[in-house]
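Q: how would this look folded up:
(4 chains)
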Amino acid sequence: MKPFGRAEMAAKLAADIPEGWYVNLGIGLPTLVADYVPAEREVVFHSENGILGMGPAPPEDAVDTWLVNAGKENVTLRTGASLVHHADSFMMIRGGHLDLCVLGAYEVAANGDIANWTTSLNDAVPAVGGAMDLAAGARRLWVMMEHTTKDGRPRLVERCAYPLTALAAVKRIYTNLAVIDVSARGFEVRLVADGVSFEALQERTGAKLHRPA
Amino acid sequence: MKPFGRAEMAAKLAADIPEGWYVNLGIGLPTLVADYVPAEREVVFHSENGILGMGPAPPEDAVDTWLVNAGKENVTLRTGASLVHHADSFMMIRGGHLDLCVLGAYEVAANGDIANWTTSLNDAVPAVGGAMDLAAGARRLWVMMEHTTKDGRPRLVERCAYPLTALAAVKRIYTNLAVIDVSARGFEVRLVADGVSFEALQERTGAKLHRPA
Amino acid sequence: MIDKRVASMAEALAGIADGSTVLVGGFGAVGQPNALIDGLIEQGAKDLIIVANNAGMDAKVGLPRLMAAGRARKLVCSFPRGSTVFDELYKAGRIELEVVPQGTLAERIRAAGAGIPAFYTPTGVGTKLAEGKEQRHVGGRDCILEHALKADVALVEAWRADRWGNLTYKGSGRNFNPVMAAAATLTVVQSQHIDELGALDPEAVVTPGIFVSRVLHVPYGNPPPGNRRADVARPEAKR
Amino acid sequence: MIDKRVASMAEALAGIADGSTVLVGGFGAVGQPNALIDGLIEQGAKDLIIVANNAGMDAKVGLPRLMAAGRARKLVCSFPRGSTVFDELYKAGRIELEVVPQGTLAERIRAAGAGIPAFYTPTGVGTKLAEGKEQRHVGGRDCILEHALKADVALVEAWRADRWGNLTYKGSGRNFNPVMAAAATLTVVQSQHIDELGALDPEAVVTPGIFVSRVLHVPYGNPPPGNRRADVARPEAKR
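A: So this is what the prediction gives:
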């Protein structure tokens, strides 16, 4: 079994983004995706704090500290970018103008429910950021996450145990083992990593997997 | 009896606007008020279609046809002006940011109700414009109108007969005969035109007038 | 390469279906997408619901032409006065009218673009325009519930545009245009200038390209003069 | 002459009362009105309800200092993570927290400025953050009712300002600042540059002066660098 690395997951997802899409990448793992969209394929990246048309991270000796993304990392503006305030920025999100949002998650259920903002397993401070707006508002929500937890429990489940971020929102999941669509039938396997059999994948998944129709 | 002319009404109202107020002047008679606020007393005039900081009408040989006010008349920008879109412009109105709005009216009731958008007496096309937003949203609503109709019926009434624009909104009325506050007691006479007795004014008014407390 | 520029009016208006709800920018004669309206008459879509602040003025220009051609079955509007074409159609019962307070109209369109299906507002409470609407005391005031006004098409007039669809406007030509641009499935722009990508200052873009579908270059010049001011005494104008 | 410029921090923050609700602009370290927050500590108002996207980061700068000084009784926030000061106060039960989805937070503040007392939104439906909120099917979706978040004070960071209070921002320093500027009874601005009236392009003003009460000149320079990017493989960064 040869699981996808994080870079491979990002590259695989990036390859599925067509030119012209407006895309918001969640903080953490999803942020990597931008690096795998070649500049000549024009994809417009959005950041919650009012940037449309984010470019790559700046070289260390040319950082404009007035520009950060949602993860508070310094970024650049691409030619054609525009800056708006927070209400206008979330208008893009909540008004259904983004073609795609990619988020990390703790769990995704077979009906598309997503839990990605708090585990409530410790007394950590709850923090939601823009996840609920993005999950409810973007035209498509794709998730990037490890297929199982560190101790091997499935993250693709029949029903989320963690507090929900949004109901029936996820359309596709990119994991280290597979790419899986969420359809009316539930989880549909699109693609598996080398050496991962359908049966092995099912073993690591908490809900029934379907072969593509 | 020496009624105020339109210019006098406008001048009288203008004199009551302190420096620093943000003011929307309704189409028609109220528009005149701006001419009687001297430029050195900085009052910021707002127009529904997205202008904050309107200046006087341009000389005929220097008209910028890209600038119109709510009455579709060409205007100018004052130094310090800004331009916004319609939702942001009505945010100023509806969010309670205007210190004053001045409207014309058919009738004002003793409780501050105003009727100024349609008479429903003919089959004319109903048209409301921004009147309802202004009446409900501005911090103060003052009305400028003739004290009676052409055939002598009162416009200051116990209860409006014409369709309402807003409830309990008017704070002060400037007519050709008097300046009248609308208080918890009802109509309070602040000022009368030369030769107009309280009794003569009461005769021409459809609700009880009070002398100032 | 993202390129929203189109070369012809036919391309700009392709696919607009009968029965569409069409937002039309402009206030008075400023910021009116008149070329697109003329194009829409040519294009042929009928049974349209038109949303615009005014019903137009000059019978030979813009909306009045569209209405005279019998293409609009309904007008949603704050101030349908000054258009003899509309007056006649309305009095003859040949066009429906929904009168909406101007700020409520702007906010309902903004809500559609912002994914807000409905909101409460004090505007209109106690008036004929509140009849049939849910009323509720909220935030310390009586309010009515107003719904988002979502559209199939927005026709927008801009001053500058680039191939990503970023837009700026000129003077009071901004008005409803940016609000409408964000509220339709298909947003078509006529722009006086087409600029290279990057020529518009990112800090000064008014409509980001995400809201725009197609851009047509229509360099028509300046709007006609506005109304004459009906004043009695203008001390300052005498200078 | 309208002149909203003030000469001192004391004048900028005069009259802010105990128990005030205070909107604080900024996202990450960008656009944070840190000088005004320091001034507010000095000014002494306590029992404050602070509304901000973050709880701050560096314990020595801005909100964490205010919280550590015991001035905030409650934080309304979308992402209160990364602030050890807040974490400790919260875990010790010494500060209340209302977590609000970031877009709902922005929209609730915008609603306060726009005179919309409440609106429906699909964001948060079916989650813990919808508990206790009215739910309703509207516009074809399940929604919850959210209320305007009106404030006594807004603390805003701007790039350029004039004496009328017209403002522009820089880069992603815009964020919540213009939205908050419109939603408070008293809006206090710290601006890096003070310009002559007329120097700001009317087409490019982001916050019109009508929303601004006082402007203080605070030319502090640039924000500190952002977070380091926690990436694994960055082919483009290798160039």
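Q: Pretty sure C:L186 sits in a strand.
A: Yes. Assessed by DSSP: H, G, I helix; E, B strand; the rest coil, C:L186 belongs to a strand.
Q: what's the burial count for it?
A: Applying the criterion other CB atoms under 10 Å in any protein chain shown, we find 19 residues in the vicinity of C:L186. Every C-beta, even on glycine, is put in place using the N, C-alpha and C of the backbone.
Q: what stretches of chain C score poorly on pLDDT?
A: Scanning chain C with the threshold set as pLDDT under 70 gives C:230-239.
Q: One more pass at 80, please.
A: Applying pLDDT under 80 to chain C picks out residues C:228-239.
Q: Get me the contact residues on it for chain A.
A: Near chain A, the residues belonging to chain C are C:1-2, C:112-116, C:162-164, C:166, C:182, C:197-198, C:200, C:202-203, C:205, C:208-211 when assessed by CB under 8 Å from any CB of the partner chain.
Q: Next step: the residues you listed restricted to helices.
A: When DSSP state H is applied, the residues of chain C next to chain A are split such that C:A112, C:G113, C:A114 fall in helices.
Q: which residue packs closest to C:D142, ignoring adjacent ones?
A: The shortest distance from C:D142 to any residue that is not its chain neighbour, by CB to CB, 6 or more residues apart in numbering or on different chains, is 4.8 Å, and that residue is C:V125.
Q: Burial check on that neighbour, number of neighbours?
A: Close neighbours of C:V125, defined as other CB under 10 Å, add up to 20.
Q: Look up which helix or strand A:T118 falls in, please.
A: With elements delineated by DSSP states H and E, A:T118 resides in a region that no helix or strand encompasses.
Q: how much space between the residue found closest to it once you drop the neighbours it is linked to in the chain and D:R81?
A: Ranked by CB to CB, 6+ apart and with sequence neighbours excluded, the top spatial neighbour of A:T118 is A:P126, at 4.7 Å. Using CB to CB, to the nearest Å, one obtains 9 Å as the distance from A:P126 to D:R81.
Q: what do you get for C:A69?
A: Distance, C:A69 to D:R81, using CB to CB: 59 Å.
Q: Wait, the residue nearest to C:D142 touches C:E146, no?
A: No. Here C:V125 does not reach C:E146: they are 11.1 Å apart, not a contact under CB atoms under 8 Å.
Q: May I have the phi/psi pair for residue 140?
A: Because you didn't say which chain, this covers chain A. Summarising the backbone geometry of A:R140 under the convention degrees, to the nearest 10, its torsions are phi -130, psi 140.
Q: meant chain C actually
A: phi 90, psi 0.
Q: For it, give me its contacts.
A: C:G140 makes contacts with D:P117, as judged by CB atoms under 8 Å, 6 or more residues apart in numbering or on different chains.
Q: And A:M91, by the same measure?
A: By CB under 8 Å, 6+ apart, the residues touching A:M91 are A:H97, C:G113, C:A114, C:G115, C:A182.
Q: Any chance of JSON lines for the residues you listed, columns neighbour count and distance to B:A87?
A: Output for the contacts of A:M91, formatted as JSON lines (neighbours: other CB atoms under 10 Å in any protein chain shown; distance: CB to CB, whole Å):
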{"residue": "A:H97", "neighbour count": "21", "distance to B:A87": "16"}
{"residue": "C:G113", "neighbour count": "29", "distance to B:A87": "9"}
{"residue": "C:A114", "neighbour count": "32", "distance to B:A87": "9"}
{"residue": "C:G115", "neighbour count": "27", "distance to B:A87": "14"}
{"residue": "C:A182", "neighbour count": "26", "distance to B:A87": "10"}
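Q: Quick check: which of those are also close to chain D?
A: Near chain D, taking CB under 8 Å from any CB as the test, the members of those found are C:A114, C:G115.
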